[in-house]
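Chemist: no sequence on this one, just coordinates:
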């Protein structure tokens, strides 16, 4: 960080000498105040070269000044300490508080501390969880954009405790419970409540955390802690409450036992001749405690991981395993399993499945009779591999490798050649097709993939458009100058239109007049893309691409001419339609 003082042209780098810079800045700040208040003209002139005449003078900034007040409300485990900020150093205080330590005589922000946020207000911190009868060092701190400064160091010693509590190590630890006891030495104080408090996050749990209540009295006790999470580390300590305060013992930690995971063999899917997918599920309180999961399988019931098995990650939840290298038309037994961090194994229920028989062999017939919404294909089943063909047909999709989960036909059963018809197709759309055959064992096979594109839908040219008679209509051949006409077409989905207008002749006009062309309105260019007029070839290209929308254009000519209109539909390289339009007065 750099601190720049424009009045003295002082520019320093923020280093460990920050305190020296702070003293210099404060001194310069006082000098400036003296000079600015001085009514002596020659004294002001003397310092004119030091201070800028800018209307936007920057204030000198320095470290905050503050003091640490003596302690109040001192007990055996807490104390109140106040910080008073006398000067913010001409910079907003961004953080403030009290820092303290048992071992460092100059505690700083790296030690224990409280925080009171931004602002120049004085503050009081209540420091808690101190040790009874212990000497501490503390001081206030405040931070602005220059850095952090500290108040004077104070020392204090907490009161010795009249209640001494020893938290005993946990016993009878189970998956969801444990027993923790305590011994107490108490002088001249009546205990109105005692027990054990615990937490999974706080090293020093208190009665605001989970706790037991074991009644009154100054005698030793033990508590059964219930509703714990398996395999979890807990921090616990005993407490005793009098009419004045609550005292805590030392903290202990313990870890609950880890149970066996609950494993479910859910289902077998995607059964093929040599493979299958097994779905399993592991339920357990913590993902981190499941070190391995998967499935084991074999041709005998109740398989274990001493035989064939998969390894499918860690943690609880659902998972899938893919079995490979299986034998076709064979019964297998399979179980999901899970291993916890203690090395214990749990298995799901035993389920069985049968791999599929060998698949039929077939080919797909080439596509024929392609129209806008229909086409024909079929297949030839050349080998059923020893199983009757129960169902056959074709399946198709706009994506590759269609299956019987997509669109399909059902065209009888048995081996041999069959024909199929597509219906309800979308014009100008590419489709992928395969013949299929399913045998009596439920095995489905597919033929080779064929592809085709349906014919595009027809583009319509209505008699009139938004702006008047439609020049593109079949019946339109004559136009008048200075009249508005439409360039209008209705484009179905996945169609396109390109039009080239060419001036092929002009009607006689005066030699001093420019040759005529057509014109159009910029604001009426509805869904058309218009290229610049080529005056060398007397042509202009107009294009439209739209999905089920009408394209319209206001076009007119102010002088007589004859123009040829070439219409190219759906990317054709030669005109689909050519027409000539005469424009006369």
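Modeler: Looks like it arrived, so ask away. Because the structure is a prediction, the values reported are computed rather than measured. Numbering: from 1, shown residues only.
Chemist: got the domain ranges for the protein?
Modeler: With automatic domain parsing serving as the domain definition, the record reports that the chain contains domains spanning 2-46, 65-157, 163-255, 262-354, 361-453, 478-584.
Chemist: can you add distance to residue 472 and give the ones you listed back as JSON lines?
Modeler: In short, each C-beta sits where N, CA and C put it, glycine included. Below are the domains of the chain laid out as JSON lines (distance: least, C-beta to C-beta, whole Å):
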{"stretch": "domain 2-46", "distance to residue 472": "73"}
{"stretch": "domain 65-157", "distance to residue 472": "72"}
{"stretch": "domain 163-255", "distance to residue 472": "76"}
{"stretch": "domain 262-354", "distance to residue 472": "55"}
{"stretch": "domain 361-453", "distance to residue 472": "20"}
{"stretch": "domain 478-584", "distance to residue 472": "6"}
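Chemist: looking at those, which is closest to residue 463?
Modeler: Ranking the domains of the chain by proximity to residue 463 (C-beta to C-beta) places domain 478-584 first, at 9.1 Å.
Chemist: between the domains of the chain, which gets nearest to residue 467?
Modeler: If we rank the domains of the chain by C-beta to C-beta, the stretch that ends up nearest is domain 478-584, at 4.2 Å.
Chemist: residue 438 touches residue 414, doesn't it?
Modeler: No: proximity of residue 438 to residue 414 does not meet the contact threshold set by C-beta atoms under 8 Å, at 11.9 Å.
Chemist: between these two, who's got more neighbours?
Modeler: The neighbour comparison of residue 438 against residue 414 (other C-beta atoms under 10 Å) goes to residue 438, with 20 against 12.
Chemist: quick one, what contacts that one?
Modeler: 389-392, 404, 444-445 (C-beta atoms under 8 Å, 6 or more residues apart in numbering).
Chemist: quick check: it vs residue 113, distance?
Modeler: Between residue 438 and residue 113 the distance, using C-beta to C-beta, to the nearest Å, works out to 74 Å.
Chemist: next: residue 140.
Modeler: Residue 140 sits 10 Å away from residue 113, going by C-beta to C-beta.
Chemist: so which of those two has more stuff around it?
Modeler: When neighbours are counted by other C-beta under 10 Å, residue 140 comes out ahead of the other of residue 140 and residue 113, with 29 against 18.
Chemist: what ranges do the strands span in the stretch 51-200 of the chain?
Modeler: In the stretch 51-200 of the chain, the strands defined using DSSP state E, counting those that start in this stretch lie at 65-68, 79-87, 95-101, 112-113, 123-127, 135-143, 148-150, 154-157, 163-167, 178-186, 193-199.
Chemist: pLDDT on the last one, on average?
Modeler: Rounded to a whole number, the mean pLDDT of strand 193-199 is 97.
Chemist: after that strand comes which helix or strand?
Modeler: Scanning the chain past strand 193-199 towards its C-terminal end, the next helix or strand to appear is strand 210-211 (assignment: DSSP states H and E).
Chemist: tell me the strands beside whichever helix or strand comes after that following strand, with direction?
Modeler: Downstream of strand 210-211, the first helix or strand assigned by DSSP H and E is strand 221-225. Strand 221-225 has its sheet partners listed here by DSSP bridges as strand 178-186 (antiparallel).
Chemist: how distant is the partner strand from the center of its chain?
Modeler: In terms of C-alpha atoms, centre = their mean, to the nearest Å, the gap separating the centre of strand 178-186 from the centre of its chain is 48 Å.
Chemist: related to what we said a few turns ago, can I get the contacts of residue 438 in CSV with secondary structure, pLDDT and distance to residue 250?
Modeler: Formatted as CSV, these follow (DSSP: H, G, I helix; E, B strand; the rest coil; pLDDT from 0 to 100; distance: C-beta to C-beta, whole Å):
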residue, secondary structure, pLDDT, distance to residue 250
389, strand, 95, 80
390, strand, 95, 76
391, strand, 96, 76
392, strand, 97, 80
404, coil, 96, 70
444, strand, 91, 70
445, strand, 93, 73
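Chemist: between all of those residues, which two are separated the most?
Modeler: Spanning the widest gap among these are 389 and 404, at 13.7 Å by C-beta to C-beta.
Chemist: the more surrounded of those two?
Modeler: Under the criterion of other C-beta under 10 Å, the comparison of residue 389 against residue 404 puts residue 389 first, with 20 against 16.
Chemist: you'd agree the more buried one is up against residue 418?
Modeler: No: counting by C-beta under 8 Å, residue 389 sits too far from residue 418 to count as a contact (9.9 Å).
Chemist: so for the strand ranked longest in the chain, mean pLDDT?
Modeler: When secondary structure is assigned using DSSP state E, the longest strand within the chain turns out to be strand 495-506. Per-residue pLDDT values over strand 495-506 give a mean of 87.
Chemist: kindly indicate whether residue 292 is helix, strand or coil.
Modeler: At residue 292, secondary structure determined by DSSP: H, G, I helix; E, B strand; the rest coil is strand.
Chemist: how about the closest residue to it other than its chain neighbours, what does it touch?
Modeler: In space, residue 292 comes closest to residue 339 once its chain neighbours are excluded; the distance is 4.4 Å by C-beta to C-beta, 6 or more residues apart in numbering. If you count contacts by C-beta under 8 Å, 6+ apart, residue 339 has them with 290-293, 345-346.
Chemist: cool, and residue 347?
Modeler: Residue 347 neighbours (C-beta under 8 Å, 6+ apart): 263, 296, 304, 335-337.
Chemist: and for residue 368?
Modeler: 375-377.
Chemist: by neighbour count, which of the residues you listed wins?
Modeler: Among the contacts of residue 368, residue 377 has the most neighbours (other C-beta under 10 Å), with 26 neighbours.
Chemist: which strand or helix spans that one?
Modeler: Remark: residue 377 resides in strand 375-383, with elements defined by DSSP H and E.
Chemist: now do residue 258, the pLDDT please.
Modeler: Looking at residue 258, its pLDDT is 77.
Chemist: so which elements touch the strand holding residue 377?
Modeler: Here strand 375-383 is seen to pack against strand 361-364, strand 389-397, strand 416-422, strand 430-439, strand 444-453 when contacts are counted using 3 or more C-beta pairs under 8 Å, 6 or more residues apart in numbering; DSSP states H and E.
Chemist: what helix or strand is residue 257 on?
Modeler: When secondary structure is defined using DSSP H and E, no element contains residue 257, which sits outside every helix and strand.
Chemist: which ones are touching the nearest residue to it once chain neighbours are set aside?
Modeler: If you skip the residues right next to it in sequence, residue 257 has residue 175 as its closest partner in space, 4.8 Å away by C-beta to C-beta, 6+ apart. Residue 175 makes contacts with 228, 230-231, 256-259, as judged by C-beta under 8 Å, 6+ apart.
Chemist: residue ranges with poor pLDDT in the stretch 251-400 of the chain?
Modeler: When the per-residue scores of the stretch 251-400 of the chain are filtered using pLDDT under 70, the ranges that remain are 285-288.
Chemist: what segments of it are strands?
Modeler: Using DSSP E, counting those that start in this stretch, strands in the stretch 251-400 of the chain cover 262-269, 276-283, 290-298, 308-309, 317-323, 331-340, 345-347, 351-354, 361-364, 375-383, 389-397.
Chemist: which among those is found nearest to residue 533?
Modeler: strand 375-383 (43.1 Å).
Chemist: got the angle for the closest one vs strand 430-439?
Modeler: Angular relation of strand 375-383 and strand 430-439 on a 0 to 180 degree scale: 30 degrees, by axes from the mean of the first three to the mean of the last three C-alpha atoms, to 10 degrees.
Chemist: quick one: contacts of strand 375-383?
Modeler: Residues from elsewhere that reach strand 375-383 (C-beta under 8 Å, 6+ apart): 360-369, 389, 392-394, 411, 414-422, 425, 431, 433, 435-437, 447, 450, 452, 454.
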